[in-house]
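Trainee: Predicted model and sequence follow; I will ask about them next.
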Amino acid sequence: MTDHKPPYLGFGLGLRPQHYQEILSGNPAIDWFEVISENYMIPGGQPLRMLEQIRERYPLVMHGVSLSIASTAPLDTEYLTALKSLADRVEPKWISDHLCWTGVHGVNLHDLLPVPYTQEALDHVVDRVSQVQDVLGRRLTLENVSSYVSFGQSEMTEWEFVTEVANRADCWLLFDVNNVYVSAFNHGFSTDEFLHGVPQDRIVQFHVAGHSHEEGHIVDTHDHPVCDEVWDFYREAVTHFGPVSTMIERDDNIPPLAEVVAELDMARKIAREVQDGTRLSAAE
Amino acid sequence: MTSLKELQARFQAGILTGDDTILDEVKDSAREPRTVLFGVYRHAYVARLVEILGNDYEQLHAYLGDEGFAKLATAYVAAHPSDRRNARWYGRHLPGFAKETPPFAAHPEVSEIAALEKALDDAFDGPDATPLTIADLAATPPEDWPRLTLEPHPTAIRLTFTSNAADIWSALKDETQPPAPAHLPEPQAIIVWRQGLMARFRLLAAEEAMMWNEAAKGVRFGVLCEMVAMFAGEDGAEVRAATYLKDWIEAGMLAGCRVEPA
């Protein structure tokens, strides 16, 4: 792959249908939007119309939820063709999905399922990423997922696995701050170890989101505001990695746009405090 | 070591069927036993799919209430593992499922409300097409009209209801008290389509429904006029046919027309 590292975009939001009109009528100070690829892999109508209009005003990135890169089921060429076709239309700055699998035997469980951190899984994922990148004609960006179980057969840590995938498959990484926090809590590892264990030069995006705290584990629900602990870890991530395109990800209990914009402003504030503000002023 | 392929098969079976073989492969955490941790995936699977169905079938949910809808939705989830990448199409079998599955099968309005909601969703993000206009039609010389065929808008979906599901849906949509379910004396033809960016539906009278069905098969306008004449009398048949056509064009239900060879 010869494409250069994608540009720093500043501070963005996940595009949600509830906010279409407010975005189009108000031109809010949001630097870019991430769209869920599958939401626009449809024949036509209002969603694609809105996408066209928002694309004229803001840089976009595409974020998929069903590539199933780590699945042992064959790659779905029909899905990949549709994804490529959407990318040709949207011209996103990058295309991401998750380092996970979503089903086998023709079933999609619509969840981001964990991978054992084994050499076998690593070889498998690296091979699949290469195939996907060949179809898309560009590097893929992979996101670390929240997980609730770990496997007895794992031979390395998650950050070692993520690093090996990125280096061997020559892909980018989306560092989900919340997911690292959730998985660290659930599996009892240190967020700092993860932070310092993944390669800085591969990271093109941050996700920041809320979660639900159960008694002895955390579920990655994306239905709450970002909590203080995740903001603290975001601060550490910005300190460690420097400026990385940052996005607030809210998928459920979608609040009015102003509330998510306020969370985005919090991210800006933290990043400004960490860095010299002039380096981060993409939209200011 | 269990292969990745086998591990994923067991993991999936653990979610879909409750098979516990996968628990041999996963670890307890310092705070939780593996049954609780794996249970997050089991619970999330059903909860997510039920939520998807609730979003797709909002008025059916309102009609059945939380408990009734949960019963239908969980039965559907158990019977239909998702076979599509895109969750958008997960619930596509729900109208058919409700029609065949007791106790919902005994209440045809349940399946028909679902069919209406599915059709509206399908029309909402169905294929784009430029609607036929009166001006397009006016460009056709009058002598060519008998050989004119009509192309339905690609989002157009024809339904036929035996119950007052459409009235129930409308009342629920308006957040008013829906009428009691009722069996109609005659089946009711309905058409769903997208006008501009808005998915719509309307009821069709029997004659209009007959003409639409035939027009959609590519029957020429001259023949459609004859069929209308046979359906409800020759008097004013051409005017009736022309009026239906005008209504369809004004509502954006057609995407094109062409004059067939003589």
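Mentor: Good, I have the coordinates.

Trainee: just checking, A:Leu9 is part of a helix?
Mentor: No. Under DSSP: H, G, I helix; E, B strand; the rest coil, A:Leu9 falls outside any helix and is assigned coil.

Trainee: what about the residue sitting furthest away from the middle of chain B, distance to chain A?
Mentor: Using Cα atoms, centre = their mean, the residue of chain B lying farthest from its centre is B:Ala30. It sits 48.1 Å away. Taking Cβ to the nearest Cβ, to the nearest Å as the measure, B:Ala30 falls 5 Å from chain A. Backbone N, C-alpha and C define where each C-beta goes, glycine included.

Trainee: Tell me who's in contact with that residue.
Mentor: A:Gly188 (Cβ atoms under 8 Å, 6 or more residues apart in numbering or on different chains).

Trainee: Now the one residue in the stretch 151-284 of chain A that gets nearest to chain B: closest residue in space that isn't a chain neighbour?
Mentor: Proximity of the stretch 151-284 of chain A to chain B (Cβ to the nearest Cβ) peaks at A:Gly216, 3.5 Å away. Excluding the flanking residues, the one nearest A:Gly216 by Cβ to Cβ, 6 or more residues apart in numbering or on different chains is B:Arg31, at 3.5 Å.

Trainee: Tell me who's in contact with the one you found.
Mentor: B:Arg31 sits in contact with A:188, A:215-217, where contact means Cβ under 8 Å, 6+ apart.

Trainee: and if you look at B:Glu207?
Mentor: By Cβ under 8 Å, 6+ apart, the neighbours of B:Glu207 are B:228, B:231-232, B:240.

Trainee: Let's see if you can find the most crowded of those residues.
Mentor: B:Val228 (24 neighbours; other Cβ atoms under 10 Å in any protein chain shown).

Trainee: still on that earlier bit, have a look at the contacts of B:Glu207 and tell me the least confident one.
Mentor: In terms of pLDDT, B:Ala232 ranks lowest among the contacts of B:Glu207, with 88.

Trainee: For the residue of the stretch 151-284 of chain A closest to chain B, what are phi and psi?
Mentor: Per-residue torsions, A:Gly216: phi -120, psi 10 (degrees, to the nearest 10).

Trainee: Hmm, it is touching B:Glu32, no?
Mentor: Yes. At 4.2 Å, A:Gly216 counts as touching B:Glu32 under the criterion of Cβ atoms under 8 Å.

Trainee: The stretch of helix or strand A:Asp232 belongs to - contacts with which helices or strands?
Mentor: If you go by DSSP states H and E, A:Asp232 is part of helix A:228-241. Packing partners of helix A:228-241 (3 or more Cβ pairs under 8 Å, 6 or more residues apart in numbering or on different chains; DSSP states H and E): helix A:177-187, helix A:191-197, strand A:203-208, helix A:257-274.

Trainee: Just give me the neighbour total for residue 219.
Mentor: Since no chain was named, I'll use chain A. Neighbours of A:Val219 using other Cβ under 10 Å come to 17.

Trainee: that's the other chain; I wanted chain B
Mentor: Neighbour tally, B:Val219, other Cβ under 10 Å: 16.

Trainee: That one contacts B:Glu226, doesn't it?
Mentor: No. Assessed by Cβ under 8 Å, B:Val219 is found out of contact with B:Glu226, at 9.7 Å.

Trainee: Which residues belonging to the helix holding A:Asp232 are considered buried?
Mentor: A:230-231, A:233-238, A:240 (16 or more other Cβ atoms under 10 Å in any protein chain shown).

Trainee: what comes into contact with the next helix or strand after that helix?
Mentor: Sequence order places strand A:245-248 as the next helix or strand after helix A:228-241, per DSSP H and E. Outside strand A:245-248, the residues that touch it by Cβ under 8 Å, 6+ apart are A:6, A:8-14, A:32, A:34, A:61, A:204-209, A:226, A:234, A:238, A:260, A:263-264, A:267, A:271.

Trainee: I'd like to know which of those are buried.
Mentor: Buried among the contacts of strand A:245-248 by 16+ other Cβ under 10 Å: A:6, A:8-14, A:32, A:34, A:61, A:204-209, A:226, A:234, A:238, A:260, A:263-264, A:267, A:271.

Trainee: B:Ser82 contacts A:His105, doesn't it?
Mentor: No. In this structure B:Ser82 lies outside contact range of A:His105 using Cβ under 8 Å: 11.9 Å.

Trainee: And these two? Which one has more around it.
Mentor: Between B:Ser82 and A:His105, counted using other Cβ under 10 Å, B:Ser82 has the larger neighbour count: 23 against 14.

Trainee: Which of the three states applies to the more buried one?
Mentor: Strictly by three-state DSSP, B:Ser82 counts as coil.

Trainee: Contacts only, for it.
Mentor: So B:Ser82 contacts A:103, A:107-110, B:49, B:90 (Cβ under 8 Å, 6+ apart).

Trainee: one more time with 10 Å
Mentor: By Cβ atoms under 10 Å, 6 or more residues apart in numbering or on different chains, the contact set of B:Ser82 is A:66, A:102-103, A:106-110, B:45, B:48-49, B:52, B:89-91.

Trainee: Closest to B:Trp193 out of those residues?
Mentor: B:Trp193 has its nearest neighbour among these in B:Trp89, at 19.3 Å by Cβ to Cβ.

Trainee: tally of neighbours for that closest one?
Mentor: 16.

Trainee: picking up where we left off before, out of the contacts of B:Ser82, which are inside strands?
Mentor: Using DSSP state E, no member of the contacts of B:Ser82 sits in strands.

Trainee: Filter these down to just the buried residues.
Mentor: Using 16+ other Cβ under 10 Å, the buried members of these are A:66, A:102-103, A:107-110, B:45, B:48-49, B:52, B:89-91.

Trainee: residue ranges with poor pLDDT in the stretch 151-284 of chain A?
Mentor: A:276-284 (pLDDT under 70).

Trainee: got the residues of it near chain B?
Mentor: A:151-155, A:185-188, A:214-221, A:252 (Cβ under 10 Å from any Cβ of the partner chain).

Trainee: One more pass at 8 Å, please.
Mentor: Residues of the stretch 151-284 of chain A found near chain B (Cβ under 8 Å from any Cβ of the partner chain) are A:151-153, A:186-188, A:215-217, A:219.

Trainee: just to revisit the earlier point, name the nearest of the contacts of B:Arg31 relative to B:Ala135.
Mentor: A:His217 (63.7 Å).
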